[in-house]
Structure formats: structure tokens, C-alpha cells
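J.: Got a sequence here, can you build the structure:
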Amino acid sequence: MKIYKNKGREFMKKIIIPIIIIMLIILLGITFWVYKEHQENIRLDRESVTLKENLEVEFGKKAKVSDFIQNLNGSLVNDYEIDTEKLGYIDVSFDYINIKNRKRPSTFTIKVIDVTAPKIFSGSTYNVTEGYNKNLTDVLLSADDIDDNPKREIIGAYDTNTARNI
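T.: Numbering: from 1, shown residues only. Predicted coordinates for the structure are as follows:
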């Protein structure tokens, strides 16, 4: 009986060790393939979308995702209109199909700008009575097409305690 047990163990050693080695080689191969595929996706993501240099848009102007893309190695899933009714920076997210026919996400940031300066309707001079002690910017009439409360400031020196002949 001992002879059969030893032969069985030797047979198992001869078969299990090569099977383990083959399984390790297969596992290493799959791991290497997954790593290379991941690296290729990173490269494609980096090279697939080239943005335009100017990522600014006027407040209220119609703009789509494609308006900011210089080159796309693939196709947009949805070329939607971007909301430009708010000033400042806006993150734009979109999906595209790359050259390997895979759906990939991407993002960029645009800046919505106000290109129209506020208007001052009081003219370049304003007369007040001598000794006027309130804030002069409160009496100036101004308006802006976007900002309900545009910043008003007086640049230069003035003296409300000294009368001037106009």
C-alpha cells in the first residue's frame, strides 16, 4: 500500500507544479495586457481632445460644447448648448466616442464674461451743494445690462467744502 501512496504523491507533484506554473504565466499575461490597455486608454484620452486657446464666451451668447474643441479624434455623444446666463467659470463635462469606439468622459472649464461696460447717466461732472457730506457714488445714476448693482467709484480727488465756479 505504501508504494501506491508514494507513486500518487510523485504523480501529483509532477502534474501540480507545471499546472501552477502555467496558471501563473497566464495570470501574469492577463495582468500585463490589462496594464497595457490602461496605459493606451490614458494616452488616447490625453490625445483625443484638443481645446481651442480661447475658452471665453460672452454672457448670454449661445455656445455649444463643440465651439470650444479644436480637434476631436472621435465623435461627440451630445453636442449640447452650454448655459451662459451666469458670469464666471463654468465646468463643462461631455462624453465622446474615441477611435477605439469606446465612450469616454472629458471636461474643460470656460469663462463667461461681461463685455459691455456699465453706463453712467450723470455725465462726467456732477454738482452738489457746498459741504455735501453723503457718499457721492449714491447720487450717480448708472446701469448695466447684466449686473443689477454695478460697482461705482470716483477716481480722483474732490473737495465738497470748497465752492467752485462752473
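J.: can we go C-alpha only for contacts and neighbour counts from here?
T.: OK.
J.: mind checking the SS state of residue 33?
T.: Secondary structure state of residue 33, per DSSP: H, G, I helix; E, B strand; the rest coil, is helix.
J.: How many residues are close by it?
T.: 12 (other C-alpha atoms under 10 Å).
J.: Quick check: the gap between it and residue 73.
T.: Spatial separation of residue 33 from residue 73 under the definition C-alpha to C-alpha, to the nearest Å is 24 Å.
J.: In the protein, what residue spans correspond to strands?
T.: 49-51, 56-58, 63-64, 69-72, 74-76, 81-82, 88-98, 103-113, 119-120, 142-143 (DSSP state E).
J.: ok, residues contacting the last one?
T.: What that stands for is strand 142-143. Here strand 142-143 makes contact (C-alpha atoms under 8 Å, 6 or more residues apart in numbering) with 118-122, 149-150.
J.: So which of the residues you listed wins on neighbours?
T.: In terms of neighbour count, residue 118 stands highest of the contacts of strand 142-143 at 17 neighbours, by other C-alpha under 10 Å.
J.: Report how many residues lie close to the closest residue to it other than its chain neighbours.
T.: The shortest distance from residue 118 to any residue that is not its chain neighbour, by C-alpha to C-alpha, 6 or more residues apart in numbering, is 4.4 Å, and that residue is residue 144. When neighbours are counted by other C-alpha under 10 Å, residue 144 registers 15.
J.: Going forward, count from 330.
T.: With 330 as the first residue, the last one maps to residue 473.
J.: ok so, going back, any chance of the strands of the chain in JSON lines with distance to residue 369 and mean pLDDT as columns?
T.: JSON lines is the format used below for the strands of the chain (distance: least, C-alpha to C-alpha, whole Å; pLDDT from 0 to 100):
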{"stretch": "strand 378-380", "distance to residue 369": "15", "mean pLDDT": "92"}
{"stretch": "strand 385-387", "distance to residue 369": "31", "mean pLDDT": "95"}
{"stretch": "strand 392-393", "distance to residue 369": "29", "mean pLDDT": "96"}
{"stretch": "strand 398-401", "distance to residue 369": "17", "mean pLDDT": "94"}
{"stretch": "strand 403-405", "distance to residue 369": "15", "mean pLDDT": "92"}
{"stretch": "strand 410-411", "distance to residue 369": "31", "mean pLDDT": "96"}
{"stretch": "strand 417-427", "distance to residue 369": "12", "mean pLDDT": "95"}
{"stretch": "strand 432-442", "distance to residue 369": "13", "mean pLDDT": "94"}
{"stretch": "strand 448-449", "distance to residue 369": "54", "mean pLDDT": "80"}
{"stretch": "strand 471-472", "distance to residue 369": "54", "mean pLDDT": "80"}
